[in-house]
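# One predicted model, sequence on top.
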Amino acid sequence: MYQKLLSKLNKLENEVSDLKISLAKSKAGKKVSLKGFFKGVKITDSDLANAKKSLFSGV
């Protein structure tokens, strides 16, 4: 009984792995446009300074 369950789990694990590889390959090279994504958003110098501090705080 446990052997059958283990076999099914291994098969499922392999299928998930194959699916992940397939998805990674299908998305590789595709460019995503962010045009219009920030429409209407106002970013200030203060916002940029805070973002830089946050990004580079550990450097």
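Now that the structure is in, tell me what you want to look at.
# what number of residues lie near Lys53?
9 (other C-beta atoms under 10 Å). Glycine gets a C-beta too; all of them are placed from N, C-alpha and C.
# any idea how far Leu5 is from Lys11?
11 Å (C-beta to C-beta, to the nearest Å).
# so Gly58 is in which element?
Assigned by DSSP states H and E, Gly58 falls within no helix or strand.
# quick one: it and Ala51, what's the gap?
Distance of Gly58 to Ala51, given as C-beta to C-beta: 14 Å.
# out of these two, which sits in the busier spot?
Under the neighbour definition other C-beta under 10 Å, Gly58 and Ala51 were set side by side, and Ala51 has more, 11 against 5.
# before we move on, which element is the more buried one in?
Taking DSSP H and E as the criterion, Ala51 maps to helix 45-55.
# Report the rounded mean pLDDT for that helix.
For helix 45-55, the mean per-residue pLDDT is 91.
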